[in-house]
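1. Need a 3D model of the following:
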Amino acid sequence: MQKRVPSTPEELEGSAAEFFGSIKGESDRGCVLVAAAFLDEALEVHLRSRMSREGSVGPLFAGPLRSFWAKIELCRALGLIEGSERDELTRIRKLRNLFAHTHKEASFDHPQVVEITEGFSVFSGLDWRPIEGLAPARQRFVLSASWLAGSLHRRG
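-> Got it, this is the predicted structure:
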């Protein structure tokens, strides 16, 4: 199935609302996995929108461009994303790997997770207020993932 870029502001808004709604009620693990999957798909849509309509690009996304890492790196190599966006996406990929590859409880309170989220630079230097009941690491993650999702979909 070929994915496509939202073609109207309403579709983009609907996609963003779907993203927010899907991660809001998730566990910490679910939040990371759903956000990473959404961003992985956004990168694929972004790449597909720049590819020729002639021939089949499907095998590329079933093979060499299957991984989140490959999509991140190709987007950067083609100048479709900035270096800072690649860095943020790489942090999200690292978190996704941490949360996905453990049988133990995954949490935004884990020191390694806190350390990774402290590296998010999208909102560094801003005076933002913590949301009561939401771990600061989760809040940084959600803000960064949301910003990236919006940025990728706007450009698509």
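
2. which residues touch the helix or strand containing Lys94?
-> Following DSSP states H and E, one finds Lys94 within helix 83-100. With contact meaning C-beta atoms under 8 Å, 6 or more residues apart in numbering, helix 83-100 is reached by 28-29, 32-33, 35-36, 39, 43, 68-69, 72-73, 75-76, 81, 106, 112-113, 116-117, 119-122, 141, 144-145, 148, 151. In short, each C-beta sits where N, CA and C put it, glycine included.

3. Centre of the chain to the helix or strand just after that helix, how far?
-> With elements assigned by DSSP H and E, the helix or strand that comes after helix 83-100 is helix 111-118. Distance of helix 111-118 from the chain centroid (C-alpha atoms, centre = their mean, to the nearest Å) equals 17 Å.

4. coming back round to it: now a ChimeraX select for only the buried ones of the contacts of helix 83-100.
-> To isolate the buried subset of the contacts of helix 83-100 in ChimeraX, counting by 16 or more other C-beta atoms under 10 Å, use the following:
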select :28,29,32,33,35,36,39,43,68,72,73,75,76,81,106,113,116,117,120,122,141,144,145,148,151
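
5. mean confidence score for the biggest helix by length in the chain?
-> When the chain is parsed with DSSP state H, its longest helix is helix 28-50. Mean pLDDT, helix 28-50: 91.
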